[in-house]
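> got a sequence here, can you model it:
(one chain, ligands or ions: 1)
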Amino acid sequence: MNEDLRKNIRQIAPYTAGERPDRPGIVKLNTNENPYPPSPGVIEAFRSLAPEDFRLYPDAESTDFRRAAAKFYGLAENQVFPANGSDDALALIFLTFFNSGKPVLFPDVTYSFYPVWSRFFGVPFETAPLDADFRINPSDYSRENGGVVLANPNAPTGVALGPDEIRYILDKNPGVIVALDEAYIDFGGISAVPLLREYDNLIIVHTFSKYRSLAGMRLACALGSAELIACLGAAKNSYNSYPISRAGQCIAAAAFADDAYYRACAARIALTREKFVGDMAKLGFRTLPSAANFVFTAHEKMKAKEIFLYLKEKDIYVRHWDLPRIGNHLRITVGTEEQMEKVVTTIKEFPEVNKNHHRKIGAKTHE
Ligand code: PMP
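Residues are numbered from 1 along each chain as shown. Got it, this is the predicted structure:
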């Protein structure tokens with residue numbers, strides 16, 4: 001590319017997603033997918049698709065999807081904005097609602113797409129540091145700002161805010177939008193959806209990628225007042241009229257009907273998580289209290305990067321960021337019981353962990 005050409009092209013530092021290795025036998029615990037299949041109703045909906053569903057454009061308003069979501073959440077149909085994954089909904093939220101020129105606030109440690117969208121859309125931002133226990137301090141969000149974005153539970157920590165803390169942040173910010181990214185809420189958090197009746201500055205994003213085992217379908221919805229949802233609709237229709245395929249719309253509606261199935265899967269994942277945290281503690285790992293389908297954990301002596309590389313060599317993929325504050329932590333998705341046992345037994349065989357662990361046990365016997 002010649003220099004003239006290059007200087008006319010915008011250079012962007014994009015978000016980097018977790019690796020997607022595609023070999024048989026891999027234990028993939030790096031992008032917080034659900035280890036269980038989508039519900040029987042979803043599979044049936046998928047099988048019901050006809051060639052016409054591929055030939056024709058989808059309903060631009062995703063009416064069936066909206067109707068099913070409205071019924072599920074107890075909201076009006078015009079309070080639901082269907083989206084092509086929550087990344088789509090969140091990007092439109094940054095583009096549409098953070099328009100004051102004042103900085104948007106989010107934590108220093110959170111979903112790393114937030115600063116990327118800020119830069120991409122020219123939205124100024126400031127970060128508020130999590131405390132020493134990686135908790136969000138609600139009072140950090142009471143200063144003047146152009147909007148607030150919080151993942152609840154937060155990622156990659158898994159730590160959740162309670163409804164009173166959310167309420168406090170909403171009360172302090174009546175003039176700006178508070179966007180709650182509840183991607184992981186169904187694994188142990190308390191959703192702020194009931195607060196939509198009281199707060200017109202609240203917008204909530206729910207993905208189908210985690211709790212509903214549909215990461216490959218790219219489905220999500222934003223929930224808010226009819227006025228906010230209409231603004232997102234106008235943004236969508238200025239950008240991409242048909243973000244959700246006919247297959248996606250049909251499957252989204254079916255997924256809402258099968259909530260008992262998904263609740264059972266989430267309960268199982270939460271049980272697996274607690275067992276895994278206990279097993280890891282015995283190996284010298286300290287894990288933050290997680291309300292999500294992943295854990296954020298650090299070994300008391302071993303470097304996270306070394307464990308990450310060792311696990312990768314053994315075909316177990318987890319997530320590690322070489323960044324200040326979190327460089328010594330690993331984020332590990334909670335998979336099936338068997339997958340988590342494999343992580344534990346593999347780490348047990350890591351010579352360094354063994355050495356440190358025995359040392360610790362040895363030290364204890366001297367007490
Ligand atoms: N928010 C958070 C906090 C996430 O971790 C993710 C998953 N990477 C997303 C949003 C995006 O999820 P999706 O686009 O698959 O709905």
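> right, and Val343 touches Phe276 too?
Yes. Judged on CB atoms under 8 Å, Val343 makes contact with Phe276 at a distance of 7.4 Å. The C-beta positions use only the backbone N, C-alpha and C, and glycine is treated the same way.
> anything in contact with each of those two?
Common contacts of Val343 and Phe276 (CB atoms under 8 Å, 6 or more residues apart in numbering): Ile332.
> which residues does Thr157 contact?
Thr157 is in contact with 109, 130, 134, 288, 290, 296, counting by CB under 8 Å, 6+ apart.
> now do 7 Å
Contact analysis of Thr157 by CB atoms under 7 Å, 6 or more residues apart in numbering lists 109, 134, 288, 296.
> and the two most separated of those?
For the contacts of Thr157, the farthest-apart pair by CB to CB is Val109 and Leu288; their separation is 10.8 Å.
> so what's in contact with these two at the same time?
134, 157.
> for the protein, what are the low-confidence residue spans?
By pLDDT under 70, the weakly predicted segments of the chain are 354-367.
> close to the ligand: what parts of it are there?
85-87, 111, 151, 155, 181, 183, 207, 209, 215, 220 (CB under 6 Å from any ligand atom).
> and the strands in the stretch 151-300 of the chain, which stretches?
Assigned by DSSP state E, counting those that start in this stretch, the strands in the stretch 151-300 of the chain fall at 178-181, 202-207, 220-223, 285-287, 294-299.
> could I get those strands as a markdown table with mean neighbour count?
Formatted as a markdown table, the strands of the stretch 151-300 of the chain follow (neighbours: other CB atoms under 10 Å):
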| stretch | mean neighbour count |
| --- | --- |
| strand 178-181 | 27 |
| strand 202-207 | 26 |
| strand 220-223 | 26 |
| strand 285-287 | 19 |
| strand 294-299 | 24 |
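> filter the contacts of Thr157 down to the buried ones, PyMOL style.
PyMOL command restricting the contacts of Thr157 to the buried ones, with burial defined by 16 or more other CB atoms under 10 Å:
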select buried, resi 109+134+288+296
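> what angle do the top helix by length along the chain and strand 294-299 make?
The residue-count maximum for a helix in the chain (DSSP state H) belongs to helix 259-282. Helix 259-282 runs at 0 degrees relative to strand 294-299, counting by axes from the mean of the first three to the mean of the last three CA atoms, to 10 degrees.
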